[in-house]
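**Q** fold the stuff below for me.
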Amino acid sequence: MSRRHGARTRKLGAIIVPSAGRGPARSLRSVASETAGRRSRARVSDVAAAAGVSQTTVSHALSGARAVNAETRERILSVARELGYVPDRVASGLRRRRTGVVGLIGDDLATTPFAGRIIEGARRAGLEHDVLLMVAESGGDANAERDLVERFLAQRVDGLLIARMYHQRVDRPAVPEDFPVVLVDAAPERGWNVDAVVPDEAQIATLACDRLAREGHREIAYVGTVDESRAARGRLIGVRSALGDVGIALGEGRLAFCASDAVGGRQAGAELLDQDVPPTAIICFNDQIAMGVMQAAARRGVLVPSGLSIIGIDDLHPVADALDPALTTIALPHAEMGRWGMDRLLERIDGTPPPVEEGPHLLRGWLVERESVAPPPGR
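**A** Residues are numbered from 1 along each chain as shown. Sure thing, here's the model as predicted:
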């Protein structure tokens with residue numbers, strides 16, 4: 001037996017457990033054996049007995065609610081792991097009037113490749129604060145979404161993330177006035193003062209335009225989507241503005257609209273490439289349209305990028321990196337939006353948020369350089 005800081009200690013395997021003046025600490029084997037004999041789940045009292053500290057100290061060390069000596073805290077955590085202790089979230093939630101669970105409702109989670117990034121960003125941010133994420137999908141059905149909101153409220157989640165898989169406007173849900181809500185990749189209806197985060201569509205469009213202008217392109221076209229959304233409007237406005245800043249006009253012969261898929265891209269690509277003076281570069285609303293434009297070019301014997309440069313938006317896997325040549329594109333901040341949304345929601349739940357911003361919070365995209373951009377022919 002040794003002495004340290006005036007407290008008696010006893011070596012239990014690889015763990016040194018001081019008695020802290022509360023009588024000899026009991027061995028982990030002894031406590032674990034008793035725990036297994038009477039029930040399957042270890043309690044705070046078991047951890048306290050094996051660590052030689054009070055139950056209050058164990059609670060503070062595990063919850064982080066109050067400061068505990070670093071060495072003592074590490075010893076308690078080690079003992080808790082050895083005993084297989086798992087906090088009773090229901091009991092702690094009743095004490096704190098929280099469940100430690102946040103809900104996320106998305107419109108098309110199962111069929112949208114970006115959904116996983118949003119969920120992952122929110123999930124990681126939540127786990128850093130010991131908060132679990134519960135995810136549900138409405139399928140884009142307004143009635144289904146209302147039902148899910150009611151179900152989450154019935155489950156007493158601490159707050160709610162409402163996410164869209166592309167930037168669009170969201171109606172206010174039927175929740176109490178003080179219930180924490182944050183929108184992800186979505187903007188609120190007019191008059192609803194709520195936290196929201198979206199991609200910076202103008203900055204994203206500017207990145208694409210600047211990349212082509214640096215290569216010397218002047219005959220630049222844009223293929224937009226026929227879908228009505230804030231993303232569609234924002235990217236078109238951004239492209240017009242960015243090209244205008246370098247003296248390039250986006251006239252009728254340099255603008256096409258189509259469905260947001262490869263079929264639409266092939267049709268729009270044919271429309272632009274069959275002109276007497278075709279563009280030397282095309283910016284596409286998304287990577288799927290860009291894939292169709294690339295196919296339209298191949299059908300006409302136009303080589304990418306030597307005969308035509310193409311830039312997408314999304315960084316959609318496995319499309320963008322699997323194309324030949326691989327697609328240069330602008331990545332959207334999906335994981336970053338999920339993290340921002342969860343962080344802001346937890347601030348709302350804790351009662352320590354900054355004021356709601358005027359308009360959604362904007363997150364920047366970034367250029368993913370691959371193989372589909374080169375100088376225009378003849379340069």
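**Q** got the buried residues for stretch 232-243?
**A** By 16 or more other C-beta atoms under 10 Å, the buried positions in stretch 232-243 come out as 232, 234, 235, 236, 238, 239, 240, 242, 243. Just so you know, the C-beta spots here come from the backbone N, C-alpha and C atoms, and that holds for glycine as well.
**Q** off-centre distance for it?
**A** On the basis of C-alpha atoms, centre = their mean, to the nearest Å, stretch 232-243 is displaced by 25 Å from the centre of the chain it belongs to.
**Q** can you tell me the average pLDDT over it?
**A** Average pLDDT, stretch 232-243: 96.
**Q** could you do stretch 285-301 as well?
**A** Regarding stretch 285-301, the rounded mean pLDDT is 98.
**Q** got the buried residues for it?
**A** Quick answer for stretch 285-301 (16+ other C-beta under 10 Å): 285-297.
**Q** for the chain, which segments count as helices?
**A** For the chain, applying DSSP state H gives helices covering 28-38, 44-51, 55-63, 70-83, 89-96, 115-127, 142-154, 201-214, 230-245, 262-273, 287-299, 319-322, 334-350.
**Q** and the shortest one, how far out from the chain middle?
**A** Put plainly, it is helix 319-322. 21 Å.
**Q** any chance of the helices of the chain in TSV, plus distance to residue 362?
**A** Shown next, in TSV, are the helices of the chain (distance: least, C-beta to C-beta, whole Å):
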stretch	distance to residue 362
helix 28-38	52
helix 44-51	45
helix 55-63	36
helix 70-83	40
helix 89-96	34
helix 115-127	16
helix 142-154	25
helix 201-214	7
helix 230-245	10
helix 262-273	27
helix 287-299	21
helix 319-322	23
helix 334-350	10
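**Q** looking at those helices, which is closest to residue 194?
**A** helix 334-350 (9.6 Å; C-beta to C-beta).
**Q** surely residue 121 meets residue 336?
**A** Yes: using C-beta atoms under 8 Å, residue 121 is in contact with residue 336, at 6.2 Å.
**Q** who's more crowded, the two?
**A** A count of neighbours by other C-beta atoms under 10 Å puts residue 121 above the other of residue 121 and residue 336, at 22 against 18.
**Q** what is the burial count for the closest residue to that one other than its chain neighbours?
**A** Distances taken as C-beta to C-beta, 6 or more residues apart in numbering place residue 338 nearest to residue 121, at 2.8 Å, with adjacent residues excluded. As a burial measure, residue 338 scores 30 neighbours (other C-beta under 10 Å).
**Q** with the one 4 residues further on instead?
**A** Residues within reach of residue 342, counting by other C-beta under 10 Å, total 28.
**Q** now it: how far from residue 361?
**A** 13 Å (C-beta to C-beta, to the nearest Å).
**Q** number of nearby residues for the closest residue to residue 354 other than its chain neighbours?
**A** Nearest non-adjacent residue to residue 354, counting by C-beta to C-beta, 6+ apart: residue 347, 7.5 Å away. Using other C-beta under 10 Å, residue 347 has 16 neighbouring residues.
**Q** hang on, the earlier thing: now the buried residues of stretch 285-301 in a markdown table, with distance to residue 209?
**A** A markdown table is the format used below for those (distance: C-beta to C-beta, whole Å):
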| residue | distance to residue 209 |
| --- | --- |
| 285 | 14 |
| 286 | 16 |
| 287 | 17 |
| 288 | 20 |
| 289 | 17 |
| 290 | 15 |
| 291 | 20 |
| 292 | 21 |
| 293 | 16 |
| 294 | 19 |
| 295 | 23 |
| 296 | 21 |
| 297 | 20 |
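**Q** correct me, but residue 79 touches residue 52?
**A** No: proximity of residue 79 to residue 52 does not meet the contact threshold set by C-beta under 8 Å, at 9.1 Å.
**Q** what about residue 104, distance to residue 115?
**A** From residue 104 to residue 115 the distance is 10 Å (C-beta to C-beta).
**Q** revised request: answer the last question for residue 253.
**A** Applying C-beta to C-beta to residue 253 and residue 115 gives a distance of 37 Å.
**Q** of these two, who's got more company?
**A** With neighbours defined as other C-beta under 10 Å, residue 253 and residue 115 compare such that residue 115 has more, 22 against 15.
**Q** what residues are up against residue 148?
**A** Residues in contact with residue 148 (C-beta atoms under 8 Å, 6 or more residues apart in numbering) are 103, 105, 136, 138.
**Q** skipping its backbone neighbours, what lies nearest residue 135 in space?
**A** Nearest non-adjacent residue to residue 135, counting by C-beta to C-beta, 6+ apart: residue 104, 4.9 Å away.
**Q** picking up where we left off before, do you know how far the residue nearest to residue 121 is from residue 204?
**A** Look at residue 338 and residue 204: by C-beta to C-beta, they are 18 Å apart.
**Q** then residue 267?
**A** Taking C-beta to C-beta, one finds residue 267 at 24 Å from residue 204.
**Q** does residue 329 touch residue 314 like I think?
**A** Yes: with contacts counted by C-beta under 8 Å, residue 329 reaches residue 314, the gap being 6.3 Å.
**Q** between these two, who's got more neighbours?
**A** Using other C-beta under 10 Å as the criterion, residue 329 and residue 314 rank with residue 329 on top: 31 against 26.
**Q** now for the closest residue in space to the more buried one that isn't next to it in sequence, how many residues are close by?
**A** Spatially, and ignoring its direct neighbours in sequence, residue 329 is nearest to residue 312 (4.0 Å; C-beta to C-beta, 6+ apart). As a burial measure, residue 312 scores 32 neighbours (other C-beta under 10 Å).
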